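> Using only what follows, build the 3D model:
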Amino acid sequence: MATPLVRIPQPQGGTMYAFASSARDITRAFNSADINFEFSKYALLDLPDFTQSANGQNAIDFQLNLKQASGQPYVANMPNVDFAQTFQNYALNLEELLLNDDDYDPILLQSDAEKIFFKWLSSLGAIDFRPSDSNESSTGDYAENDNAILGGANYERVVKYLGSIDAENDVAYQGNTYHEVYINVPTSVGFTPQVLFKPTDYNTTATKLYPSDVNAVNIEGREGQTHPDPNIDLLPIVDQWTLNSGPYYDVQTNSTNSVQIDWDTAAHEQIQNNPDIKSLLDYAKTGQQFRFNAVLVYYDLYSSSVPANRSTNLYGILILDDITDAYGPGSKIHEQIKFKPNEVTGLNGNAYSLKLNLKFNSSLDNVGVETSINDFTTFSMDLFMDTTTALENATDLLLQANNRYGAIAERLTNLENIILGTAQAAQLEARIKELEDDFTASSLQLQDSDALLTLINNAHGKINQLIDGTIPVELQYNTDVIFAGKGTTVDKSVAGKIKVNNEVEGYVVSDLFKWDIASGIVTGALTSTSLFDNSQANQYGVWVKLNLYTNRLSLNNILNNESLNSSLDIYIDDSTNGWKKGQVFKIAIDTIDVNGNNIKVLTNKSGGWQNIADIDPSQLITTKPYIELVCIDPINYVFEVDILR
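Next up is the predicted model:
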C-alpha cells in the first residue's frame, strides 16, 4: 500500500483528513461476519495559532521539531500548504510504515492513528501533556497542561469537548452511496472540564521506523510519482536523522507522546466523586463557553461474538475552515464559539449540528454500519431530529397535564371530605338554621307597613342632613398604624399626608479586613496602604460582613503588585445578616496574577465556614475578573457563580 495523498484545506465546506487504518478496518468489517464498524464518538478541538511559540505558549510551528529526510530542519512556507504537507508526509507516512512493519499485529482491533495524530501535534508544539494527579485520575492517565496566564505565558488546552455520535444514515443519490454521520453539540453543554489521555504502545516492537526507500526520496509507495497539487511535494518528513542510519521516526513510547483519549468515566475522579454526574455529557454541563475549529471523528471496531473485545479508534480530523491571516503575528483557523445558557443572567446558548457525507468504494450495507433512519431523502437526518424534538415537547406536555389532573383529583377529594364529613355537615346545618331564623325575623318586621315607612323617613332625613351640612362628613384617619420597614422611611410632617421614601441607593459597599487563615481572626483593615504580608504562605484572606440587599466587594488597588503564592480566600460573615433568596454579592478585582492558584469564596460562619465557590484559573476570562454570587437556596447555601469578565 501507499501513503494516502491529501489536499490543501478548502475555504468552504470543511476538509476531512482520514487515516489509512480506518479504511483497513472497514475492509476487515466487510470481509468478516463477526467484526463490526460503527461511528461512535467525536472530540472538538481548538487548534492554536500558526506562529512561533513564546514564553511557553502552545502554537503550531512547523519548523520546531520536524526534519527533512536530509536531516535539515523543515522549511515552512504557506500555512495551508504546510498543514496538508506535514500531515501527509509525516503523520500518514508514519502510519503507512507501521501498517507495513513486519512486527505489526493485524489481529488487534486498536489502531495507531490517534497516537500518531497527537504525536504530530506535539511535534508542531501545538499540544503538551503532564501526568495527572490523584484528584484527576486513579489509573495513571495523562492530562493536557493547565490553562495559565503567567508572565506572558499562555497555554490554551486544545481538546475542548467530548461527545457521542447518536445517529447515522445511508443515502443513495445519482448512483453513488453516501454515509451520513450526524455530529450534534447540545445547547446545554460547555467545555469538558478535564480530558484524560491514557498512554499506550504502538503496534510494533520497534522503537525506530525507517523509510523503506534507503534514499528517502519520496514517501512510502510513491517512488517516482508527483502530487496532483504542484504546491505539495512527496518528500518524507521525519523526527530524527543520524549519519549512520539516516532519517527515522521515533516510536519509543517513553521518549515521545504516545497517548489516546480515555473515554471511560471510571478513570475520571471528578466524575466518580460527584453523584450528580453520570456521563461525559453531564460532566460537560458543568463547563462554560469555549471555541473550536476542528473535529476528531472516532469509530468503534468490535466483535459481535465477544462484545467486550472493542476498541475506539480515530477515523480522521475535520478542519472547519482554511487557514487565514489573523490580527498580529501568525495565522489561524477561524473558530466557532459555543455558548452555554445561563439561567441567572438569561444569556441564551447555542447548539451546533455537523453532518459528514462520506463516500466509500464499497456498499455500506456490507460494511456493517447500522442505518439509523430511512434513506429516502437527503433531509432524513434533519427530519429525524425534528421528530425527536417534537416527541420531547409532547412528553413535557403530557407530564404537565398529568400533574394538573393529579392536583384536581386531590382538590376534589378534599372537597368531598369537607361535604361528607359528620362534623362539617353538622356545622353547615347549624349555619343554615341560623340564616333561616334571621330571615324569618326580618320578614316579620317588614310585614308592618308603618314600621317600614318609618325606617324610610328616617333614612331620608339623615341623607338631607348630610347634604345641607348639618351632619359633618369629614373623616379622621389613624396614621399611627403606618410605620417604616427595612429600606424605607415614612414622612408625616405634612398634616393629612403620608410620604413613603426608599432608602436603598445602589450597592452596599463592603469594608475590607485582613483575615488570618491559620488562627481564624480578623487582623486589621485591608487598604491600599495596609496590604497582605506576602512573606508568609496562605496569607491571602479577606473578611467582609454581609449587609442587606446587593453587596459589592472591591479589591481595586489591592492586588496590583501581587503574584499569589496561595489561593485568594474571601470570607463573607453572615452571622448578623443572613442570606436571602435572590440576593447578589459582587466581587470586582482591578488586576490579579493568580499564579495558578484558585479564588475561593466561603460563608456560613456559624456552621464553620462553607466553601460556596472555588474558581479555577482556567475559568477566568481576563486578569480583571468580575464575579457575581447569586443566592439560590439560603437554607442549604446553594449559589450560582457567574464570571462576567
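> Wait, a strand at Thr27?
No: assessed with DSSP: H, G, I helix; E, B strand; the rest coil, Thr27 is helix; it does not lie in a strand.
> Check what pLDDT it gets.
On pLDDT, Thr27 comes in at 90.
> where's it relative to Ala394, distance?
Distance, Thr27 to Ala394, by C-beta to C-beta, to the nearest Å: 43 Å. (Each C-beta comes from the backbone N, C-alpha and C, glycine too.)
> Which residue of these two possesses the greater neighbour count?
Applying other C-beta atoms under 10 Å to Thr27 and Ala394 shows that Thr27 carries more neighbours, namely 15 against 10.
> how much space between that one and Phe37?
Taking C-beta to C-beta as the criterion, Thr27 is separated from Phe37 by 10 Å.
> what's the answer for Thr242, then?
From Thr242 across to Phe37, the span is 40 Å (C-beta to C-beta).
> These two: which has the busier surroundings?
When Thr242 and Phe37 are compared for neighbours, Phe37 comes out ahead with 24 against 10, by other C-beta under 10 Å.
> Skipping its backbone neighbours, what lies nearest that one in space?
If the residues on either side of it in the chain are set aside, Phe37 comes closest to Ala29, at 3.9 Å by C-beta to C-beta, 6 or more residues apart in numbering.
> give me phi/psi at the residue nearest the centre of the chain?
Central residue of the chain (C-alpha atoms, centre = their mean): Gly190, 1.5 Å from the mean position. Backbone torsions of Gly190, given as degrees, to the nearest 10, read phi -120, psi -160.
> give the contact list for it.
The contact partners of Gly190, taken as C-beta atoms under 8 Å, 6 or more residues apart in numbering, are Ala284, Lys285, Thr286, Gly287, Gln288, Gln289, Phe290, Lys338, Lys340.
> Not counting residues beside it along the chain, what's closest to it?
Gly287 (3.2 Å).
> Also Leu124?
What sits nearest to Leu124 in space, not counting adjacent residues and going by C-beta to C-beta, 6+ apart, is Ile60, at 4.9 Å.
> rewinding a little: quick check: the residue nearest to Gly190 is in a strand.
No: counting by three-state DSSP, Gly287 falls outside a strand, being coil.
> Which neighbouring residues are in contact with Gln225, exactly?
Taking C-beta under 8 Å, 6+ apart as the definition of contact, the neighbours of Gln225 are Asn218, Leu234.
> Look at it and give its secondary structure.
Taking three-state DSSP as the rule, one finds Gln225 in the coil state.
> how close does it sit to Asn218?
Using C-beta to C-beta, one obtains 7 Å as the distance from Gln225 to Asn218.
> go on, Asn551?
Applying C-beta to C-beta, the value for Asn551 to Asn218 is 70 Å.
> same deal with Ala351?
Remark: distance between Ala351 and Asn218 (C-beta to C-beta) = 45 Å.
> Likewise for Gly469?
Distance, Gly469 to Asn218, using C-beta to C-beta: 119 Å.
> So which of the two has more stuff around it?
Between Gly469 and Asn218, counted using other C-beta under 10 Å, Asn218 has the larger neighbour count: 23 against 8.
> Could you list the buried residues of stretch 579-599?
Within stretch 579-599, the residues that qualify as buried by neighbour count (16 or more other C-beta atoms under 10 Å) are 579, 583-587, 589, 591-594, 596-599.
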